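**Q** what follows is a protein structure lacking sequence information:
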């Protein structure tokens, strides 16, 4: 098989069309043409073509992952799921992850820390809720525990949150306030011990 023509694509100057034996064969990123030194008149076998196409697939997967990372940090699991949904094979996904990790673009520890900060500052979540949310993002238990150790203001945060919520229960009796305020803090993800301390402090 011989490359009989290489032409730049009209709508994307970073891509080219490869013709083999007089017929269109496939499109490629320009960088892959240079990497594999593809030229008109070059003889190719099927294995070499598959190698080039695999490189093209990897390039597309990297671009897809980088676009996915444009808006915010992502966990490894989120990237894996995204690439799977686009139909990429396991080895392409693994190579893409390795590339992202090499350049520090994916780091589950840093992701978990940033995620925890956001949930604390924006949502006022407690550690139980944060743990659950991180688990859904595919973060390992060991990383979750490591990150949650940095949250040493659970009680203070829960107390402030409960004080703001308390006026909305002014028509309720003590038992109802105890139940409703406890349920509110539980849904926010605060621990049983923390909730007990807050209720003893506020509901008298």
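**A** Thanks, I have it. As the structure is a computational prediction, the values presented were derived from the model and not from experiment.
**Q** tell me which stretches of this structure form strands.
**A** Secondary structure of the chain (DSSP state E): strands located at 3-8, 15-20, 23-29.
**Q** go through the ones you listed and pick out the most buried.
**A** The highest average neighbour count among the strands of the chain, using mean count of other Cβ atoms under 10 Å, belongs to strand 15-20 at a mean of 18. Where C-beta positions appear, they are placed from N, C-alpha and C, glycine not excepted.
**Q** excluding covalently adjacent residues, which one is nearest to the most centrally placed residue in the chain?
**A** The residue at the geometric middle of the chain, judged as the C-alpha nearest the mean C-alpha position with Cα atoms, centre = their mean, is residue 74 (2.1 Å). Among residues not flanking residue 74 along the chain, residue 68 sits closest, at 6.2 Å (Cβ to Cβ, 6 or more residues apart in numbering).
**Q** how about the one you found, what does it touch?
**A** Residues in contact with residue 68, defined by Cβ atoms under 8 Å, 6 or more residues apart in numbering, are 74, 78-79, 82.
**Q** can you do 10 Å?
**A** With contacts defined as Cβ atoms under 10 Å, 6 or more residues apart in numbering, the neighbours of residue 68 are 74, 78-79, 82-83, 86.
**Q** same list, the strands of the chain, but as TSV with distance to residue 185 and mean pLDDT please.
**A** Conversion of these to TSV gives the following (distance: least, Cβ to Cβ, whole Å; pLDDT from 0 to 100):
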stretch	distance to residue 185	mean pLDDT
strand 3-8	62	87
strand 15-20	55	89
strand 23-29	53	88
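**Q** sweet, I'm off.
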